[in-house]
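**Q** sharing a sequence plus its predicted fold:
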Amino acid sequence: MAKTSPGEFVNQVRNEARKVVWPTRKETVTTAIMVLIMTTLLAIFFLGVDAVFSSIVKFLLGLLG
């Protein structure tokens, strides 16, 4: 494997950085809103699942005592 000089490495990094396509403001806002919606839905879902399991455990423990 050929070694790359620090100057050549910096040039390669700059060339690759020019190829990056940054998202628009609209895309960023849309993605952030979708993340918030999905996070909220998952939080509600896991709250429900936790409540169901909690009820089951309380019922089973009630049978013992």
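**A** Received it, and whenever you're ready, just let me know what you need. In this text the structure is predicted, and so the values were computed from the model without any measurement.
**Q** rest of the way, CA atoms for contacts and neighbours
**A** Fine.
**Q** okay, now residue 44: neighbour count?
**A** Counted with other Cα atoms under 10 Å, the neighbours of residue 44 add up to 12.
**Q** the longest helix along the chain - what's its average pLDDT?
**A** The single longest helix within the chain, with elements called by DSSP state H, is helix 25-64. Helix 25-64 comes out with an average pLDDT of 97.
**Q** return the set of buried residues in that helix.
**A** Of all the residues in helix 25-64, not one is buried under the rule 16 or more other Cα atoms under 10 Å.
**Q** and it, how far out from the chain's middle?
**A** Here helix 25-64 is found 15 Å from its chain centre; the criterion is Cα atoms, centre = their mean, to the nearest Å.
**Q** just checking, what packs against that helix?
**A** For helix 25-64, there is no helix or strand it packs on, judged by 3 or more Cα pairs under 8 Å, 6 or more residues apart in numbering; DSSP states H and E.
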